[in-house]
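*Asks:* only the shape, not the letters, is given here:
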């Protein structure tokens, strides 16, 4: 199939493109490069030895989006583009609501206009809010603790309403947990702009000496060691989850958690990184970060049952691959 991947030059997008190409699909990337790099498209082609068509466009621009759909017979869309930093969304709510929601509306409208009925959406475990653990797809969504999560919950409802009004419009909503790691080639990985908002690139930059020490946001949560617990998933496992969702898409709206079903605390991840790579990561405890919750991990059994997908790579592999990329980068 010809698959349009929005945000395909980004961290998760580039790995998803690799998995799509390896599965035999053709890839068209649309990305405005606000949080990614054009070189990643070249690296995708280098890894796979296959061509990728790239459009540098903003998805809130309906005319630019229409050009892509007119130029290609798009068979399906994987929508990964969006602003994604929890803390930043608290400070810049308007930018998050506008970018994330308007881009999805424009994209969905183009899908209807050009009769594209396969749509895979990059959602987030953030939509569960501070819910009962483990998070299960059938749970009622709670008001989330930050605008980023609210945009994801709103988009999920928008896509469900579109599918209800147009039954042929088939949607797979993937609720990510915490992607980490990098491609085993070391060519693509997480490349945040400025000070990282996510834990693993912060750890790798401290290990490399680029940052002095890791800031751990709070150690008074009700967890095993007081630090926040998350369900970390290797980005390659996550990418393969997108291919599984696309290949198994049927009519209606289908929601899947993509995680490992295990929680790891911040300090446990630091220790795993030190063990995997024989390097020390100095850290300091600072105040909690706005919008964070104590615990977040998945029940990922539905994806295994319906998609035949399960996360295969462990925390040590995540730490080794992330460090390999950081050293190359």
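*Replies:* It's in. No experiment lies behind these values; they were computed from the predicted model shown.
*Asks:* and the gap between residue 86 and residue 289?
*Replies:* 8 Å (C-beta to C-beta, to the nearest Å). All C-beta atoms are positioned from the backbone trio N, CA, C, and that covers glycine.
*Asks:* neighbour count for these two, which is higher?
*Replies:* residue 86 (22 against 16; other C-beta atoms under 10 Å).
*Asks:* any idea how far residue 287 is from that one?
*Replies:* Counting by C-beta to C-beta, the gap from residue 86 to residue 287 is 15 Å.
*Asks:* now do the helices in this structure.
*Replies:* 11-22, 39-48, 62-71, 86-91, 93-97, 103-113, 147-165, 199-208, 235-247, 266-277, 301-307, 315-328 (DSSP state H).
*Asks:* can you tell me which of those helices is most buried?
*Replies:* helix 11-22 (a mean of 26; mean count of other C-beta atoms under 10 Å).
*Asks:* so for it, what's the average pLDDT?
*Replies:* Mean per-residue pLDDT for helix 11-22: 98.
*Asks:* OK, contacts around the residue nearest to residue 89 when sequence neighbours are not counted?
*Replies:* Among residues not flanking residue 89 along the chain, residue 148 sits closest, at 3.7 Å (C-beta to C-beta, 6 or more residues apart in numbering). Residues counted as contacts of residue 148 (C-beta atoms under 8 Å, 6 or more residues apart in numbering) are 83, 84, 85, 86, 88, 89, 96, 100, 124, 126, 291.
*Asks:* which of those residues lies closest to residue 186?
*Replies:* Of all these, residue 186 sits closest to residue 84, with 23.2 Å by C-beta to C-beta.
*Asks:* now the closest one: closest residue in space, sequence neighbours ignored.
*Replies:* That would be residue 148: by C-beta to C-beta, 6+ apart, it lies 6.5 Å from residue 84.
*Asks:* now swap in residue 11 and tell me
*Replies:* Nearest one to residue 11, counting by C-beta to C-beta, 6+ apart, is residue 190 at 4.7 Å.
*Asks:* stretch 209-221: which residues count as buried?
*Replies:* 211, 214, 215, 216, 217, 218, 219, 221 (16 or more other C-beta atoms under 10 Å).
*Asks:* closest one to residue 279 out of these, please.
*Replies:* Taking the buried residues of stretch 209-221 together and measuring to residue 279 by C-beta to C-beta, the closest member is residue 214, at 12.4 Å.
*Asks:* name whatever forms a beta bridge with that closest one.
*Replies:* Going by DSSP bridges, residue 214 is paired in beta bridges with residue 283.
*Asks:* could you tell me the least trusted of the helices of the chain?
*Replies:* Taking the mean pLDDT of the helices of the chain, helix 86-91 comes last: a mean of 86.
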